[in-house]
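In: With the sequence up front, the predicted model follows.
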Number of protein chains: 2
Amino acid sequence: MSKDFKPYYAVIFTSTQTDRIEGYSEMAEKMETLAKQQPGFIGLESARDGLGITVSYWENLDAIKNWKQESEHIIAQQKGREHWYNWYHVRICKVEREYEFLRK
Amino acid sequence: MSKDFKPYYAVIFTSTQTDRIEGYSEMAEKMETLAKQQPGFIGLESARDGLGITVSYWENLDAIKNWKQESEHIIAQQKGREHWYNWYHVRICKVEREYEFLRK
(Lines give C-alpha, C1' and ligand atoms only; values in the text may rest on other atoms or scores of the structure.)
Protein backbone atom coordinates (compact mmCIF):
# COMPACT_ATOMS: atom_id res chain seq x y z
CA MET A 1 0.00 0.00 0.00
CA SER A 2 1.30 3.45 -0.88
CA LYS A 3 2.37 5.36 2.22
CA ASP A 4 0.08 8.28 1.50
CA PHE A 5 -3.01 6.23 0.65
CA LYS A 6 -5.91 7.22 2.85
CA PRO A 7 -8.60 4.54 3.14
CA TYR A 8 -12.13 5.56 2.20
CA TYR A 9 -15.43 3.75 1.83
CA ALA A 10 -17.45 2.26 -0.99
CA VAL A 11 -21.13 1.34 -1.00
CA ILE A 12 -21.79 -1.37 -3.57
CA PHE A 13 -25.48 -1.37 -4.49
CA THR A 14 -26.51 -4.23 -6.81
CA SER A 15 -30.11 -4.59 -7.91
CA THR A 16 -32.66 -6.07 -10.28
CA GLN A 17 -35.72 -4.07 -11.24
CA THR A 18 -39.42 -4.79 -11.60
CA ASP A 19 -41.38 -3.94 -14.76
CA ARG A 20 -42.90 -0.97 -12.94
CA ILE A 21 -40.07 1.51 -13.29
CA GLU A 22 -42.26 4.61 -13.82
CA GLY A 23 -40.59 7.51 -12.07
CA TYR A 24 -37.39 5.58 -11.49
CA SER A 25 -35.01 7.42 -13.82
CA GLU A 26 -36.13 10.87 -12.60
CA MET A 27 -35.60 9.75 -9.02
CA ALA A 28 -32.21 8.18 -9.81
CA GLU A 29 -31.08 11.44 -11.39
CA LYS A 30 -32.38 13.44 -8.42
CA MET A 31 -30.63 11.16 -5.94
CA GLU A 32 -27.35 11.36 -7.84
CA THR A 33 -27.51 15.17 -7.72
CA LEU A 34 -28.39 15.08 -4.03
CA ALA A 35 -25.67 12.53 -3.15
CA LYS A 36 -23.04 14.77 -4.74
CA GLN A 37 -24.05 17.56 -2.35
CA GLN A 38 -23.61 15.43 0.77
CA PRO A 39 -20.65 16.01 3.10
CA GLY A 40 -18.01 13.32 2.58
CA PHE A 41 -19.17 12.36 -0.91
CA ILE A 42 -16.25 11.36 -3.18
CA GLY A 43 -17.77 9.88 -6.32
CA LEU A 44 -20.32 7.60 -7.96
CA GLU A 45 -20.15 5.00 -10.72
CA SER A 46 -23.13 3.22 -12.22
CA ALA A 47 -23.91 0.64 -14.91
CA ARG A 48 -26.93 -1.49 -15.73
CA ASP A 49 -27.58 -4.27 -18.24
CA GLY A 50 -30.17 -6.36 -16.50
CA LEU A 51 -28.24 -6.37 -13.25
CA GLY A 52 -27.59 -2.86 -11.99
CA ILE A 53 -24.43 -1.96 -10.11
CA THR A 54 -23.99 1.44 -8.50
CA VAL A 55 -20.93 2.13 -6.40
CA SER A 56 -20.72 5.33 -4.38
CA TYR A 57 -17.55 6.43 -2.60
CA TRP A 58 -17.42 8.24 0.74
CA GLU A 59 -14.79 9.66 3.06
CA ASN A 60 -16.03 7.79 6.13
CA LEU A 61 -18.84 5.70 7.63
CA ASP A 62 -20.62 8.73 9.10
CA ALA A 63 -21.04 10.21 5.64
CA ILE A 64 -22.67 6.95 4.50
CA LYS A 65 -24.95 6.86 7.55
CA ASN A 66 -26.00 10.49 7.03
CA TRP A 67 -26.78 9.86 3.38
CA LYS A 68 -28.82 6.77 4.23
CA GLN A 69 -30.88 8.90 6.63
CA GLU A 70 -31.26 11.95 4.38
CA SER A 71 -35.02 12.67 4.23
CA GLU A 72 -35.51 12.72 0.45
CA HIS A 73 -33.29 9.67 0.12
CA ILE A 74 -35.47 7.82 2.65
CA ILE A 75 -38.50 8.48 0.42
CA ALA A 76 -36.53 7.22 -2.59
CA GLN A 77 -35.58 4.05 -0.71
CA GLN A 78 -39.23 3.43 0.23
CA LYS A 79 -40.39 3.89 -3.37
CA GLY A 80 -37.61 1.56 -4.47
CA ARG A 81 -38.89 -1.20 -2.21
CA GLU A 82 -42.54 -0.54 -3.07
CA HIS A 83 -42.19 -0.31 -6.85
CA TRP A 84 -38.84 -0.43 -8.58
CA TYR A 85 -36.71 -3.22 -7.18
CA ASN A 86 -37.25 -6.94 -7.11
CA TRP A 87 -34.03 -7.36 -5.23
CA TYR A 88 -31.12 -5.37 -4.00
CA HIS A 89 -27.98 -6.00 -2.02
CA VAL A 90 -26.02 -3.28 -0.24
CA ARG A 91 -22.42 -3.77 0.85
CA ILE A 92 -20.50 -1.25 2.94
CA CYS A 93 -16.79 -1.63 2.19
CA LYS A 94 -13.52 -0.11 3.24
CA VAL A 95 -11.28 0.61 0.25
CA GLU A 96 -7.86 -0.57 1.36
CA ARG A 97 -5.88 -0.36 -1.86
CA GLU A 98 -6.34 0.81 -5.42
CA TYR A 99 -4.53 1.20 -8.71
CA GLU A 100 -5.34 2.55 -12.11
CA PHE A 101 -4.44 2.06 -15.77
CA LEU A 102 -4.75 4.88 -18.30
CA ARG A 103 -3.90 4.37 -21.97
CA LYS A 104 -1.28 6.80 -23.22
CA MET B 1 -22.97 -5.49 12.35
CA SER B 2 -24.54 -8.88 12.85
CA LYS B 3 -22.59 -10.93 15.35
CA ASP B 4 -22.07 -13.78 12.91
CA PHE B 5 -21.08 -11.62 9.96
CA LYS B 6 -17.67 -12.65 8.66
CA PRO B 7 -15.90 -9.92 6.68
CA TYR B 8 -14.82 -10.79 3.17
CA TYR B 9 -13.29 -8.88 0.27
CA ALA B 10 -14.53 -7.20 -2.89
CA VAL B 11 -12.52 -6.19 -5.94
CA ILE B 12 -14.26 -3.34 -7.75
CA PHE B 13 -13.04 -3.19 -11.35
CA THR B 14 -14.37 -0.21 -13.33
CA SER B 15 -13.34 0.32 -16.93
CA THR B 16 -13.93 1.96 -20.27
CA GLN B 17 -13.13 0.10 -23.46
CA THR B 18 -11.43 0.94 -26.73
CA ASP B 19 -13.05 0.27 -30.12
CA ARG B 20 -10.75 -2.71 -30.56
CA ILE B 21 -12.66 -5.28 -28.50
CA GLU B 22 -11.99 -8.27 -30.75
CA GLY B 23 -11.50 -11.31 -28.56
CA TYR B 24 -12.70 -9.48 -25.46
CA SER B 25 -15.98 -11.27 -24.80
CA GLU B 26 -14.44 -14.73 -25.26
CA MET B 27 -11.67 -13.79 -22.83
CA ALA B 28 -14.13 -12.30 -20.33
CA GLU B 29 -16.14 -15.51 -20.38
CA LYS B 30 -13.01 -17.62 -19.98
CA MET B 31 -11.80 -15.49 -17.05
CA GLU B 32 -15.19 -15.71 -15.33
CA THR B 33 -15.10 -19.51 -15.59
CA LEU B 34 -11.52 -19.58 -14.32
CA ALA B 35 -12.18 -17.14 -11.45
CA LYS B 36 -14.99 -19.38 -10.20
CA GLN B 37 -12.51 -22.24 -9.90
CA GLN B 38 -10.06 -20.29 -7.73
CA PRO B 39 -9.73 -21.05 -4.01
CA GLY B 40 -11.52 -18.43 -1.95
CA PHE B 41 -13.81 -17.24 -4.75
CA ILE B 42 -17.26 -16.22 -3.50
CA GLY B 43 -19.05 -14.54 -6.38
CA LEU B 44 -18.97 -12.12 -9.30
CA GLU B 45 -21.33 -9.40 -10.52
CA SER B 46 -20.93 -7.47 -13.76
CA ALA B 47 -22.72 -4.74 -15.74
CA ARG B 48 -21.72 -2.48 -18.61
CA ASP B 49 -23.41 0.41 -20.38
CA GLY B 50 -20.48 2.49 -21.52
CA LEU B 51 -18.80 2.29 -18.14
CA GLY B 52 -18.19 -1.30 -17.09
CA ILE B 53 -18.32 -2.38 -13.47
CA THR B 54 -17.28 -5.86 -12.39
CA VAL B 55 -17.20 -6.73 -8.72
CA SER B 56 -15.71 -10.02 -7.61
CA TYR B 57 -15.95 -11.29 -4.03
CA TRP B 58 -13.26 -13.26 -2.22
CA GLU B 59 -12.77 -14.86 1.17
CA ASN B 60 -9.46 -13.10 1.89
CA LEU B 61 -6.62 -11.03 0.44
CA ASP B 62 -4.50 -14.08 -0.40
CA ALA B 63 -7.23 -15.37 -2.70
CA ILE B 64 -7.21 -12.00 -4.53
CA LYS B 65 -3.43 -12.01 -4.80
CA ASN B 66 -3.38 -15.57 -6.14
CA TRP B 67 -6.03 -14.75 -8.72
CA LYS B 68 -4.13 -11.66 -9.85
CA GLN B 69 -1.05 -13.84 -10.38
CA GLU B 70 -2.81 -16.77 -12.07
CA SER B 71 -0.92 -17.38 -15.34
CA GLU B 72 -3.84 -17.25 -17.79
CA HIS B 73 -5.24 -14.24 -15.95
CA ILE B 74 -1.90 -12.45 -16.34
CA ILE B 75 -2.15 -12.93 -20.12
CA ALA B 76 -5.71 -11.56 -20.03
CA GLN B 77 -4.56 -8.51 -18.07
CA GLN B 78 -1.79 -7.85 -20.60
CA LYS B 79 -4.20 -8.11 -23.53
CA GLY B 80 -6.58 -5.79 -21.68
CA ARG B 81 -3.90 -3.12 -21.41
CA GLU B 82 -2.67 -3.66 -24.97
CA HIS B 83 -6.04 -3.70 -26.74
CA TRP B 84 -9.31 -3.59 -24.84
CA TYR B 85 -9.22 -0.93 -22.14
CA ASN B 86 -8.77 2.80 -22.39
CA TRP B 87 -8.91 3.06 -18.65
CA TYR B 88 -9.48 0.91 -15.63
CA HIS B 89 -9.49 1.37 -11.90
CA VAL B 90 -9.13 -1.49 -9.42
CA ARG B 91 -10.14 -1.13 -5.78
CA ILE B 92 -9.49 -3.81 -3.16
CA CYS B 93 -12.11 -3.49 -0.43
CA LYS B 94 -13.03 -5.15 2.83
CA VAL B 95 -16.78 -5.77 3.05
CA GLU B 96 -17.66 -4.75 6.58
CA ARG B 97 -21.45 -4.85 6.51
CA GLU B 98 -24.23 -5.84 4.14
CA TYR B 99 -27.98 -6.11 3.87
CA GLU B 100 -30.45 -7.28 1.30
CA PHE B 101 -33.98 -6.63 0.11
CA LEU B 102 -36.03 -9.33 -1.62
CA ARG B 103 -39.56 -8.66 -2.88
CA LYS B 104 -42.08 -11.11 -1.42
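Out: Nice, thanks for sending it over.

In: Contact residues of chain A facing chain B?
Out: Proximity of chain A to chain B (Cβ under 8 Å from any Cβ of the partner chain) is limited to residues A:10, A:12, A:14, A:18, A:45-53, A:55, A:81, A:85-103. Yep, even glycine has a C-beta here, placed from its N, CA and C like the rest.

In: Buried ones from those, can you make that a ChimeraX selection?
Out: Per 16 or more other Cβ atoms under 10 Å in any protein chain shown, the buried members of these correspond to this ChimeraX selection:
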select /A:10,12,14,45,46,47,48,52,53,55,85,88,90,91,92,93,94,95,98
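
In: Give me the subset of the residues of chain A next to chain B lying in strands.
Out: Within those, residues falling in strands by DSSP state E are A:10, A:12, A:14, A:45-49, A:51-53, A:55, A:85-102.

In: Identify the residues contacting A:Phe13.
Out: For A:Phe13, the contact set (Cβ atoms under 8 Å, 6 or more residues apart in numbering or on different chains) comprises A:52-56, A:88-90.

In: Tabulate the residues you listed (JSON lines), appending pLDDT.
Out: Output for the contacts of A:Phe13, formatted as JSON lines (pLDDT from 0 to 100):
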{"residue": "A:Gly52", "pLDDT": "97"}
{"residue": "A:Ile53", "pLDDT": "98"}
{"residue": "A:Thr54", "pLDDT": "98"}
{"residue": "A:Val55", "pLDDT": "98"}
{"residue": "A:Ser56", "pLDDT": "98"}
{"residue": "A:Tyr88", "pLDDT": "98"}
{"residue": "A:His89", "pLDDT": "98"}
{"residue": "A:Val90", "pLDDT": "98"}
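
In: I figured A:Leu34 was touching A:Glu70, is that so?
Out: Yes. Using Cβ atoms under 8 Å, A:Leu34 is in contact with A:Glu70, at 7.0 Å.

In: Correct me if wrong: A:Arg103 contacts B:Trp87.
Out: Yes. Using Cβ under 8 Å, A:Arg103 is in contact with B:Trp87, at 6.7 Å.
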